[in-house]
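> Next one to model:
(3 chains)
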Amino acid sequence: MTVDCFPVLFNDSLFDMPELPEVETTKRGIQPHLEGRIITSLIVRQPKLRWPIPAELNSYISNQTILCVSRRGKYIGIHTATGTVIIHLGMSGSLYLVAAGTAPLFHDHVDMCLNNGQWLRYTDPRRFGSILWHENTNDTDWRTHTLLASLGPEPLTDEFNADYLIKRAKGKTQAIKTFIMNSKQVVGVGNIYANEALFSAGINPHTKAGVIKPKQFMLLVECIKTVLSKAIEQGGTTLKDFVGGDGKPGYFKQSLNVYGRAGEACTTCSSTLEETRLGQRSTVFCPKCQK
DNA sequence: CGTATCTCCTGCAAGC
DNA sequence: TGCTTGCAGGAGATAC
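Residues are numbered from 1 along each chain as shown, chains lettered A, B, ... in the order given. A predicted model of the protein is given here:
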C-alpha cells in the first residue's frame, strides 16, 4: 500500500496546539499534495466545529481544481476557481494526507477526497477549529472574509516592524503580552511564543504597551520574528512531544525558556520563574530578567 | 472605542 | 480503582 503521507503528524495521545509555525508547517506539508488536484468530494462526519461546516460545501467544491494553498495568520486557504475553503486548526486540529479509504478514527471529522487516491483528513478532538467557504467575487479574495479582513500584518514580513508596533501601542494601557497576542495588531503570536518572545526581549508581560520604549520595541519585534522563524525551521512545536513522520520527536520544546517552566530556574539568572494569568492565559516570566 | 471577561470543546491530571 | 472537578487554550462574542 502506498501511503504518500504528509510527513508531519501530531502525536494524538498528547496535547497539541497549532501556533503559526505549525500552521505554516502544515501548509507547506500539504501544499504539494493538493495543488493541481481535483476535489472529487467532501466527506463530513461531524459538521459541528466552532461554526458549522457549510452544508453545501461539498457541492461548492466537488469537481473543482485546487489552484493553490496559502496561509494568512493561522488560517489556511485552499483556493479553487469559484472560491476558497478556509481552514483554522483551532487548538487541537491537524491536517494530513491519508490513502483513500483509510478508516477514520473518532475525531477524524472531515475528508477532502482528491483525484489521486489521497484524502486530506481533518482531525480535531476539541472542535475549536473551523472549515468555512469564501465564494469568489469580482473584486475580492479570501482575505476580505469577515474573519480575515481586520487581521494585522504577518509577523515575518517587513510590514511588522518597530515603527508599526510603536504606533499601534501608543496610549495603550493593555498589558504588552495580551497586546501582541491580539491578531488585530499582529497575527500568529500565540501564548507559547508570546511568553518566549517577551522573555528574550527582557520585557515583563504585564508592562503597559504604551509605556514601552522604542528600543524595547525594536528588540521585541526581533525576538518575535526569531522565535517564530526558529520554530518554523524546526517544523513547529507542540506543548508536549512533536512527532515527525520519520518517528523522531520534536526538539523545539527543549529550547523553550519560560513556557511550561513555572517554578523552575531561569535559564539566564537561575531565579525562580513565576506564573501568573493574563487574559485567562498562563503567563510565565523571570521576575529578575524581565522588568 | 478600548479593554476585560466569557464562551465553545474534550483530554488529561489532580483530588477525593 | 473510579468518580468528580478543574484546567488548558484561539479568538469571536459579549459586557462593560
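> Tell me which stretches of chain A form strands.
A:8-9, A:39-44, A:68-72, A:75-79, A:83-88, A:94-99, A:108-114, A:118-123, A:130-135, A:243-244, A:274-278, A:281-285 (DSSP state E).
> what angle do the longest one and strand A:39-44 make?
Between the direction of strand A:108-114 and that of strand A:39-44, the angle (axes from the mean of the first three to the mean of the last three CA atoms, to 10 degrees) works out to 170 degrees.
> so, in contact with DNA strand B or not, strand A:108-114?
No. Strand A:108-114 lies apart from DNA strand B when judged by CB under 7 Å from any atom of the strand; the minimum separation is 10.5 Å. (C-beta placed from N, C-alpha, C; glycine too.)
> Dump that strand to CSV, restricted to CA.
What follows is strand A:108-114 as a C-alpha-only set of coordinates in CSV (Å, rounded to 0.1, in the frame of the first residue of the first chain):
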residue,chain,number,x,y,z
ASP,A,108,-11.4,12.5,12.1
HIS,A,109,-14.3,14.8,11.2
VAL,A,110,-13.7,15.6,7.6
ASP,A,111,-12.0,14.1,4.5
MET,A,112,-11.4,16.1,1.3
CYS,A,113,-11.2,13.4,-1.4
LEU,A,114,-8.8,14.1,-4.2
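> of the strands of chain A, which approaches residue A:50 most closely?
strand A:130-135 (4.5 Å; CB to CB).
> pLDDT (mean, whole number) over that closest one?
Strand A:130-135 carries an average pLDDT of 94.
> what do you get for stretch A:152-164?
The average pLDDT for stretch A:152-164 rounds to 95.
> Would you mark the buried spots in that stretch?
Of the residues in stretch A:152-164, A:152-155, A:160, A:162, A:164 count as buried by neighbour count, 16 or more other CB atoms under 10 Å.
> Also stretch A:61-76?
Using 16+ other CB under 10 Å as the burial criterion, the residues of stretch A:61-76 that qualify are A:61, A:64, A:66, A:69-76.
> Tell me the spatial nearest neighbour of residue A:190, not counting adjacent residues.
Of all residues not flanking residue A:190 in the chain, residue A:19 sits nearest, at 3.9 Å (CB to CB, 6 or more residues apart in numbering).
> wouldn't that neighbour be in contact with residue A:231 here?
Yes. Contact status for residue A:19 versus residue A:231: in contact at 7.4 Å, counting by CB atoms under 8 Å.
> Please enumerate the helices of chain A.
Here chain A has its helices, by DSSP state H, at A:20-34, A:57-61, A:146-149, A:162-169, A:176-180, A:191-201, A:214-233.
> excluding its backbone neighbours, what's nearest the residue of the stretch 1-150 of chain A found nearest DNA strand B?
Among all residues of the stretch 1-150 of chain A, residue A:126 sits closest to DNA strand B, at 3.8 Å; criterion: CB to the nearest atom of the strand. Nearest non-adjacent residue to residue A:126, counting by CB to CB, 6+ apart: residue A:92, 4.3 Å away.
> Would you check how far apart the one you found and DNA strand C are?
7 Å (CB to the nearest atom of the strand, to the nearest Å).
> ok, now residue A:34?
21 Å.
> where does the stretch 51-200 of chain A dip in pLDDT?
Under the criterion pLDDT under 70, the flagged ranges of the stretch 51-200 of chain A are A:138-140.
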